[in-house]
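K.L.:
Would you be able to build a 3D model of this:
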Amino acid sequence: SAYLRTSLTNLPGDSFTVETYFQMGDNGGANQTLFFKSADAHSATNQLDFKVAVANGRVQAVVGTTTATWVSSEILNEGWNHVALVYDEAITNYTLLVNGGATSNRLTRAIPSAGALYFGLDASNSNNPGYFSGYLDDIRVWNRALTQAEITSNLFVGFLHGAETNTQLAAYYPVEDGVG
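P.N.:
Modelled structure (predicted):
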């Protein structure tokens, strides 16, 4: 199974946005991690910083002990979908956006910045890691909290032309091939 472990062990700045496009594979109904970040990704007693996964046809974000589930629509098993997790440190708030729709929850603590950021893998259990069965594309990590309007205006635009010169883009992985 393929996954991406980024070199971003510390997310940039106090606020950030992590986004990617995904298409479900054959195992579309199972709990599958799109991206995951933990202070100690291979410890049985790790502190979960955040995880964004597809469970029972819906995208779910888990941050610390707070869970937000985007429930406006079923995630289609066919075709591409977009997901973004936005963290705004100034108001200790995160927003989960799926295909432009959003749900927000207030946090009681800031998200720790240490630890690896994985795409297509839940590394919280090294004995039974959860791999994403499908496709990921156009993975982006921004060093600020993007607004919902900014995210929806770029939905399904495809490759970010000029992205390599955008100083607010901390990481960009086009991921043009491969199945998880």
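
K.L.:
and residue 22, what does it touch?
P.N.:
Shown in contact with residue 22 (CB atoms under 8 Å, 6 or more residues apart in numbering): 34, 54, 80-83, 132, 134-137. Every residue, glycine included, has its C-beta placed from N, CA and C.

K.L.:
quick one: which of these sit in strands?
P.N.:
The strands, defined by DSSP state E, take in 34, 54, 81-83, 134-137 from these.

K.L.:
nearest to residue 15, of those?
P.N.:
residue 83 (17.8 Å; CB to CB).

K.L.:
From what I see, that closest one and residue 52 are in contact.
P.N.:
Yes: with contact defined as CB atoms under 8 Å, residue 83 and residue 52 form a contacting pair (6.0 Å).

K.L.:
Tell me which two in the ones in strands among the contacts of residue 22 are the farthest apart.
P.N.:
So, the ones in strands among the contacts of residue 22 by CB to CB: farthest apart are 54 and 137, at 15.2 Å.

K.L.:
Looking at the two, which one has more neighbours?
P.N.:
Ranked by neighbour count (other CB atoms under 10 Å), residue 54 and residue 137 place residue 54 first, with 26 against 18.

K.L.:
where are the low-confidence patches of this structure?
P.N.:
1, 9-13, 27-30, 39-48, 64-77, 107-114, 125-126, 156-166, 176-180 (pLDDT under 70).

K.L.:
hmm, back to that, which neighbours do residue 83 and residue 52 have in common?
P.N.:
Both residue 83 and residue 52 are in contact with 34, 59, 96, where contact means CB under 8 Å, 6+ apart.

K.L.:
Restricting to C-alpha, output stretch 94-111 in CSV.
P.N.:
Extracted in CSV, the C-alpha atoms of stretch 94-111 (Å, rounded to 0.1, in the frame of the first residue of the first chain):
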residue,chain,number,x,y,z
TYR,A,94,-10.9,24.3,12.9
THR,A,95,-13.1,24.0,9.9
LEU,A,96,-13.6,20.8,7.9
LEU,A,97,-14.7,21.5,4.2
VAL,A,98,-15.8,18.8,1.9
ASN,A,99,-16.6,19.8,-1.7
GLY,A,100,-17.0,23.3,-0.5
GLY,A,101,-19.4,22.6,2.4
ALA,A,102,-18.2,23.4,5.9
THR,A,103,-18.7,22.5,9.6
SER,A,104,-16.8,24.2,12.4
ASN,A,105,-16.0,23.4,16.0
ARG,A,106,-14.2,25.4,18.6
LEU,A,107,-11.1,23.9,20.2
THR,A,108,-10.1,24.2,23.8
ARG,A,109,-6.4,23.9,23.0
ALA,A,110,-4.1,24.6,20.1
ILE,A,111,-3.0,21.7,17.9
